[in-house]
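A.B. asks: dropping a prediction and its sequence here:
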Amino acid sequence: MIQRKQTLYMLAVEILLIVCLCNSIGRFVVNGEVVGVMNNLTFRNGSGEILSYSLWALCTIIGIVLLTTFLAIFLYRKRMRQIRFLVFNSILLAGYCIAYIAFVFVFKGQFEGASFSPTLYAAFPLISIILNWLAIRLIGADEMLVRAVDRIR
C-alpha cells in the first residue's frame, strides 16, 4: 500500500494541505505596513486581532479534502472508488481556489489602496490538484493492468 507511487502522492497532498491549513495564505499591505492577514479560518488585522471568521469555508473545504484523501489512501483495493474520491478532491480544491480569489477581492475592498501579496502556502492547493491528477493516472494504469490480467485468465 505505502510503496505505491500514487499513495505517496496522496500522502504529499495530505502534508501540503495540513501545512496550508496551519499557516497564513496572504497579507494586505498599505505603504509597507501589514494591515490584514488571511488564514484559512480567520482574517486578522496587522496586530493579530481577529476581525472576521468569514473564511471558515476555506477551512471546511480543506478539512473535507483531508478526510477524503485519508480515506482514499486506504481504499487501495477499490481503485475505481479511489479515483472517484480523488476527482471529488480535485473539484473541491478548484472550488477552494475560486473562493480564495473571491475572499481576496472582498477583503481588498475594506482597505483603501491596499495591495495583496499571497504567501507560498496559498499555492499548495494548486500543487495538490496536480498531485491528485498524477495519482489518478497511476491508479487508472493499475486498474488497466488488473483488467488485462483478468482477461488473460
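C.D. replies: Arrived safely. The structure displayed is predicted, hence computed values, not measured ones.

A.B. asks: going forward, measure contacts and count neighbours with C-alpha atoms only.
C.D. replies: Noted.

A.B. asks: who touches the most centrally placed residue in the chain in this structure?
C.D. replies: The centre of the chain sits closest to Pro125, judged by CA atoms, centre = their mean, with a distance of 3.3 Å. Residues in contact with Pro125 (CA atoms under 8 Å, 6 or more residues apart in numbering) are Leu16, Leu17, Cys20, Leu93, Tyr96, Cys97.

A.B. asks: flag every buried residue along the one helix or strand the first one maps to.
C.D. replies: Leu16 is located in helix 5-22, with elements delineated by DSSP states H and E. The neighbour-count criterion (16 or more other CA atoms under 10 Å) identifies 6-14, 16-17, 20-21 as the buried residues of helix 5-22.

A.B. asks: including distance to Gly32, could these go into a markdown table?
C.D. replies: Output for these, formatted as a markdown table (distance: CA to CA, whole Å):
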| residue | distance to Gly32 |
| --- | --- |
| Gln6 | 43 |
| Thr7 | 43 |
| Leu8 | 41 |
| Tyr9 | 38 |
| Met10 | 39 |
| Leu11 | 38 |
| Ala12 | 35 |
| Val13 | 34 |
| Glu14 | 34 |
| Leu16 | 29 |
| Leu17 | 29 |
| Cys20 | 24 |
| Leu21 | 26 |
